[in-house]
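> 3D model of this:
(chains A, B, C and D, ligands or ions: 4)
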Amino acid sequence: MTKMGFAQAIVSAIEQAMAEDENVIIMGEDVHVLRIPKLLPKPNLFIRFGKERVKYTPISESGFVGAAVTAAMAGLRPIVEVLFADFLGVTMDAILNHAAKISFFSGNKWNVPLVIRTACGGGYGDAGQHEQSLWGWLAHIPGLSIVVPSNPADAGGLMLSSIYEDNPVIYFEHKMLADYWLDYMGSGGRTTVSFDVPEKGLEGEVPDKWESIPLGKLNKIKGGNDITLISVGVGVHRSIEAANILEEKGISAEVLDLRCVAPLDIEGLKKSVSKTEAVLIVDEDYKNFGLSGEICAILLEEGLSFKYGRVCTENTIPYSRELEDQALPNTKRIIDKAVNIVKK
Amino acid sequence: MTKMGFAQAIVSAIEQAMAEDENVIIMGEDVHVLRIPKLLPKPNLFIRFGKERVKYTPISESGFVGAAVTAAMAGLRPIVEVLFADFLGVTMDAILNHAAKISFFSGNKWNVPLVIRTACGGGYGDAGQHEQSLWGWLAHIPGLSIVVPSNPADAGGLMLSSIYEDNPVIYFEHKMLADYWLDYMGSGGRTTVSFDVPEKGLEGEVPDKWESIPLGKLNKIKGGNDITLISVGVGVHRSIEAANILEEKGISAEVLDLRCVAPLDIEGLKKSVSKTEAVLIVDEDYKNFGLSGEICAILLEEGLSFKYGRVCTENTIPYSRELEDQALPNTKRIIDKAVNIVKK
Amino acid sequence: MVEAEVWQLYRDMLRSRLFEEAVTDLWEKGKISGELHLGTGEEAIIAGVVSQLEEGDAMAVDHRGTPPFIMRGIDPVLILLEFLGHSKGLCAGKGGHMHLFSKEHLAASSGIVGSSGPAATGFALALKYQKQKKIAVAFFGEGAMNQGMMLESMNLASVWNLPVLFVCKDNDWAVSTVTNNVTGGKLIDRAKGFGIEGYEVDGTDVEAVWKVVNEAISKLRNNDGPQFIHAHCVHMEGHFLGDPLLRYHRNPTMLVEAADSLKQYAGESLDEVFLLLRKIGGQLKKKFDPLVVTQKKLKDNAERLKQIEEEVTKEIEQVVYKTLEIFKGGVKDD
Amino acid sequence: MVEAEVWQLYRDMLRSRLFEEAVTDLWEKGKISGELHLGTGEEAIIAGVVSQLEEGDAMAVDHRGTPPFIMRGIDPVLILLEFLGHSKGLCAGKGGHMHLFSKEHLAASSGIVGSSGPAATGFALALKYQKQKKIAVAFFGEGAMNQGMMLESMNLASVWNLPVLFVCKDNDWAVSTVTNNVTGGKLIDRAKGFGIEGYEVDGTDVEAVWKVVNEAISKLRNNDGPQFIHAHCVHMEGHFLGDPLLRYHRNPTMLVEAADSLKQYAGESLDEVFLLLRKIGGQLKKKFDPLVVTQKKLKDNAERLKQIEEEVTKEIEQVVYKTLEIFKGGVKDD
Ligand SMILES: Cc1ncc(C[n+]2csc(CCOP(=O)(O)OP(=O)(O)O)c2C)c(N)n1
Ligand SMILES: Cc1ncc(C[n+]2csc(CCOP(=O)(O)OP(=O)(O)O)c2C)c(N)n1
Ligand SMILES: [Mg+2]
Ligand SMILES: [Mg+2]
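Ligands and ions are numbered 1, 2, ... in the order given. Just a heads-up that it's a prediction; the model follows:
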């Protein structure tokens, strides 16, 4: 066991995979330097593996994500970086109509072992064209796995399994957890700003050698009896914070970290909710037509009955830091809603 | 009152708006001839309004949808055609990051009165890259209205209100209802093929002059007490067919045509479900993370309790006509599921 | 330089043509579903390219995938079974004619216009990375030259010096739009704008195609970076089977009726529509048919021509026979 | 031809520069959030274009929106309030510095690289349709020339003969990538590939910019179709405030430490990273600063230079003062 930052863990898992398997390559804009600010002394993939395996690209996301799909089909295991989840818009044809469908169309004779790695999430004042989460949106498309880690150990283990998965995975890396992203986009080297960064997400214990964490297995972070808080990414930390305060109010909340938005761990969800009979989904992605609705449908289909609520992002994320804080699922909103549900 | 085809109704409503308002223009691939096969003797917009108002485009969807956004901001009311919903992938940045967000970002000082008109849906053997529905997917994005008509009268009335709406609307036109599309993509002039076309969707009574049908108001097609079938587009007709058969089995099903996926008519849904206490969503769009989950969440948030199920498209749509019929929500699947729910 | 083996090329083209004629027949009988885009008319381009591919080369094709798949040596029975939606088809009946895939031939299709550019670029990237000294071909129409991802992929292939052969099959039309009306500049200049050298060629002349492609491919194999071929052709069946413009063209009375009912709107735009109908008619001339063009070249050896025709006809008949036998056996998953 | 009014242009540039310096100060104090991309270094390009816009012309800008918005005459107090996230800001604090919008000036921004191309094209389409005889400008970096939608929009503007001025501000960099390494061909040739005429110009020389733009704009107003300007410049503050490459450059000891820890990986790729750091340093020279360049041109009238500096300094001071006064009043919605 050793301590590592969230972002460092991801890079370290990639590094391990690249050392193990020649077919793993990484490509995207600025991949050669993006990690300079804090990570230069630590694994720098470009310097270690060279420019054929760590390929920087022009600003041509639809072109190079499309190319990564067939590169994967021809035997590579590309990790293609789309800087921000928001920019997945530009690449959507490659994801929706190619990556997600080719295995099916080929009669399952040809796989697309592709990882799309993208930074997501808000909380540092960049506004709604650079702070979207979109994991539930992507999960609508059959054929994709959607990974959203919340801490360094998961980040590395899930990255490893994503790389070795034979079908496309979209891997979301929250900017509030990845130190270099926050440095890059948020503080820019300033000491005059501060952000509500979840400490346990930012840094933590990781194994000495990465092992795959299977996709689709949730992680129960905290046990509880009165309500199940379900979340991913930064939301997990907000939920834990809320759960601790709820405890003081006499409400015992269980906290589940989904780790993957697709596939969902239906058994794990069932187990918790059949106990608590109350559900609160905490989702930084948009509320409507997303994760919070899907979990609800699955639980009903499973025949459970439960009280239900959700704390999500409801609209475009505003620029103003104050408005932004209200727009994102914050601890206060979670607590209020949880109390409200339990008291129903 | 007069009889009209579904596709003809859409064109006729556009024609009315173009005659009323100089700022309404239409652009897209092949807009000048697309409607030739059956509609040439009927309103042909290109011939009536000329090439400045009916603009054919190169195959540059991200470019011309992006351009339509600012054309709308500069005072036009463009209807931009993206041939198939599947091709929305290519245009997604313009929708996700521009059309849907600009009004918000401008502090609500600048609107985007844009209609994106797109053909959707399957049932004629074109496979999953040309038959997607995707309305629930689009509805995830805050700032968009999503319209999915099921019959000629709604098609025209909703098109009119879409054109005069000050914010972006995505207007889905199901290929199984639009005669020229089915002729174009399905039969190709053959008499040797047949499709399960809903008669009442294909043709019907329409008003002599189009009037706006407000967005976000559902239409109760059939009353019932035991279960509410909720759908849009072709699914509405499959649901009615199923409801009629369920009636014979002693199950009284109410059928709701949402008409709009966003905004949803929460009051209308509540009213029906608080009566039937059982819900079956019939959705040709993908099951996961979409319409079927969202309705479920809304109803729970509204404090209703109900039995629940959904019949949706669960995976990429296969090419084989047989497999396709099983993949799309067909009447048999609806009946089986409804019986199953009611008996629970 | 090696000489083009025109007889072999002719045979390739004929196989493809007769196969597509059989497909047309089955389509008309209602046995094949969906929109069916034939490659009839572009066989000389496909033959000129595919005949020069080696084992291990890759191919990304557009919505007209049949000729390249047939000429690449992929089992026509599997292809036809796929068209019939059979579980034993090339893609288990899941892909159909617009989504053909063969992993062992590194051949992939897509119905999304422009996507063959990134697809071929990704293949080439992998092949080059694996030091395989192989090449990747992208087939696409001139309409696809206005699709952003296609343009992006040209730049990617250029700056990464990838062995991609971009083959633009220019039939002047994108569905019912005359591409010239919506395309600025010259296509060869576009390629140049990305640093790619281009060749323009008559795509109905298989020998001519073969020659420029031969030169381009040797550059590719010599690691000289991507190459662009701009080849002109026509589509003998219009955009797809049942093309409405062709239906009008072939039923002049329909046309007259239509014109009559539209008189009230007479004007520039009406003229433009009729121009389209005249134009599409104009292109259906035999002299644009690459098979006719090649037959003419080979006409001195009428015997051999006839022999090839007989052989290929027989082969395709057997393909159809075998396919239908399996098909009649029912859709069995195994 | 009208002469460029260099004094006025200088004043425009200086206003923008001093405004952005005030913004930098507030950013450093932590009062402005998010990534902040300055336009310092490209003022000559912006001034050369924006000074020639008329009322009713439209403008689509990229992530460096401050200079064009300031120079277009949009109230700097509203802009600064927006940067502070204030409800009285230009966009009620909802857009921020990357998403500035002014309906009355037909000025729109976006943080999506390449989107100003389609945006300007759509503006021009509407203006032309409304027979307004106005033009639309797209500002974007050279990195955006690899984005598909930008290329598509050039074609659209070309075939529709729209009055779009495509202004490529080429600073050689896209964030930390040297654009030359990922861009094939010449940008002027790309424009030509879409049928658009182009001009290349030194973007630090405001007079030179003004001249080519003047010619291009008169063509636009004469309905001669879209025009392309390729103007070279540098960004004095790197990609954005706090640019990590610049932080390294400005802290050589950080660099030495980093180099030390990476010795084990010494090789081509390490060299490339250090090359980048040297290169970014090399561009921060005064001789590339368009303000310095213009001051030099005007140095014979030192008095007037000084007077302008005083006036503009005062103006911007007042802007900051007024803004902060409103800001201190608290965030009130009204
Ligand atoms: C992204 C996208 N837009 C539109 C279409 C519909 N479409 C199919 S083929 C076609 C025309 C293509 O023209 P071209 O590239 O010249 O090929 P051709 O059909 O002439 O061989 C169009 C518009 C599509 N399949 N994908
Ligand atoms: C579609 C998209 N991809 C990536 C980014 C991230 N990004 C922001 S600015 C930038 C560089 C742009 O380079 P250039 O166009 O040359 O403009 P410059 O910053 O040099 O002025 C990048 C890659 C983005 N905003 N949008
Ligand atoms: Mg064509
Ligand atoms: Mg740049």
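> just checking, what packs against the helix or strand harbouring A:Leu256?
Using DSSP states H and E, A:Leu256 maps to strand A:253-257. On a contact count with 3 or more CB pairs under 8 Å, 6 or more residues apart in numbering or on different chains; DSSP states H and E, strand A:253-257 meets strand A:219-222, strand A:227-231, helix A:234-248, helix A:266-276. The C-beta positions use only the backbone N, C-alpha and C, and glycine is treated the same way.
> among the ones you listed, which is nearest D:Lys29?
helix A:234-248 (26.4 Å; CB to CB).
> Counting neighbours, which bits of the closest one end up buried?
Buried positions in helix A:234-248, judged by neighbour count with 16 or more other CB atoms under 10 Å in any protein chain shown: A:234-243, A:245-246.
> go on, stretch C:68-85?
Using 16+ other CB under 10 Å as the test for burial, stretch C:68-85 gives C:68-72, C:74, C:76-85.
> for those residues, which one is nearest ligand 1?
Of all those, C:Pro68 has the smallest distance to ligand 1: 12.5 Å, by CB to the nearest ligand atom.
> of all of the stretch 1-150 of chain C, which residue lies closest to chain B?
The stretch 1-150 of chain C approaches chain B most closely through C:Ser33 (2.5 Å), counting by CB to the nearest CB.
> Can you tell me the closest non-neighbouring residue to C:Val182?
B:Pro58 (3.8 Å; CB to CB, 6 or more residues apart in numbering or on different chains).
> Can you tell me how far that neighbour is from C:Val175?
Distance from B:Pro58 to C:Val175, counting by CB to CB, to the nearest Å: 12 Å.
> Next: C:Gly41.
Counting by CB to CB, the gap from C:Gly41 to C:Val175 is 15 Å.
> Which one of the two is surrounded by more residues?
Neighbour count, other CB atoms under 10 Å in any protein chain shown: between C:Gly41 and C:Val175, C:Gly41 has more, with 26 against 22.
> Give me the secondary structure label for that one.
Under DSSP: H, G, I helix; E, B strand; the rest coil, C:Gly41 falls in the coil class.
> now swap in A:Val282 and tell me
Three-state assignment for A:Val282 (three-state DSSP): strand.
> Can you give me the neighbour number for it?
Residues within reach of A:Val282, counting by other CB under 10 Å, total 30.
> likewise A:Asp166?
Neighbours of A:Asp166 under the rule other CB under 10 Å: 12.
> Equivalent analysis for A:Ile298, please.
Neighbour count of A:Ile298, defined by other CB under 10 Å: 18.
> residues in contact with it?
A:Ile298 sits next to A:264, A:266, A:269, B:293 when contact means CB atoms under 8 Å, 6 or more residues apart in numbering or on different chains.
> Find the nearest non-adjacent residue to the residue positioned nearest the centre of chain A, please.
Residue closest to the mean C-alpha point of chain A, counted by CA atoms, centre = their mean, is A:Val148 at 2.1 Å. When the adjacent residues along the chain are set aside, A:Val148 lies closest to A:Val232, with 4.0 Å between them (CB to CB, 6+ apart).
> Could you check how far that neighbour is from chain D?
Separation of A:Val232 from chain D (CB to the nearest CB, to the nearest Å) stands at 24 Å.
> pLDDT score for that residue?
Per-residue confidence at A:Val232 stands at 98 (pLDDT).
> ok, now C:Glu3?
65.
> And A:Tyr308, by the same measure?
In this prediction, A:Tyr308 carries a pLDDT score of 98.
> cool, A:Ser239 as well?
A:Ser239 is given a pLDDT of 98.
> coming back round to it: need the contacts of A:Ile298 in TSV with pLDDT, neighbour count and distance to B:Asp285, can you?
Output for those, formatted as TSV (pLDDT from 0 to 100; neighbours: other CB atoms under 10 Å in any protein chain shown; distance: CB to CB, whole Å):
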residue	pLDDT	neighbour count	distance to B:Asp285
A:Leu264	98	21	18
A:Ile266	98	15	21
A:Leu269	98	21	23
B:Gly293	98	31	11
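> can you put those in TSV and add distance to C:Gly184?
TSV is the format used below for the contacts of A:Ile298 (distance: CB to CB, whole Å):
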residue	distance to C:Gly184
A:Leu264	48
A:Ile266	53
A:Leu269	54
B:Gly293	45
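> Return the member of those nearest to chain C.
Closest to chain C, out of all of these and judged by CB to the nearest CB, is A:Leu264, at 24.7 Å.
> dump the residue contacts of the residue in the stretch 51-200 of chain C that ligand 1 sits nearest to.
Nearest residue of the stretch 51-200 of chain C to ligand 1 (CB to the nearest ligand atom) works out as C:Gly141 at 2.2 Å. Contact analysis of C:Gly141 by CB under 8 Å, 6+ apart lists C:62, C:64, C:113, C:168-171, C:174.
> Okay, domains of chain C per the record?
C:3-236+C:285-324, C:244-283 (automatic domain parsing).
> Does at least one residue of the first one sit close to ligand 3?
Yes - with CB under 5 Å from the ion as the measure, domain C:3-236+C:285-324 is seen reaching ligand 3 through C:141-143, C:171, C:173.
> between those residues, which is closest to ligand 3?
Nearest to ligand 3 out of these is C:Gly141 (CB to the ion; 3.4 Å).
> Any chance of the backbone angles for the closest one?
Dihedral pair for C:Gly141: phi -90, psi 170, per degrees, to the nearest 10.
> Any figure for the gap between it and chain D?
Distance from C:Gly141 to chain D, by CB to the nearest CB: 15 Å.
> What pLDDT is listed against that residue?
Predicted confidence (pLDDT) for C:Gly141: 98.
> for chain C, what helix or strand is lowest in average pLDDT?
Taking mean pLDDT, DSSP states H and E as the measure, chain C has helix C:252-262 as its least confident helix or strand, at a mean of 74.
> mind checking how far that one is from the chain centre?
Distance of helix C:252-262 from its chain centroid, counting by CA atoms, centre = their mean, to the nearest Å, is 33 Å.
> Output it as CSV, nothing but the C-alphas.
This file holds the C-alpha atoms of helix C:252-262, laid out as CSV (Å, rounded to 0.1, in the frame of the first residue of the first chain):
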residue,chain,number,x,y,z
PRO,C,252,-42.5,10.5,-68.1
THR,C,253,-46.3,10.6,-67.6
MET,C,254,-45.8,11.0,-63.9
LEU,C,255,-43.6,13.8,-64.7
VAL,C,256,-46.0,15.6,-67.0
GLU,C,257,-48.7,15.3,-64.4
ALA,C,258,-46.5,16.7,-61.7
ALA,C,259,-45.5,19.5,-63.9
ASP,C,260,-49.1,20.3,-64.6
SER,C,261,-50.1,20.5,-61.0
LEU,C,262,-47.1,22.8,-60.2
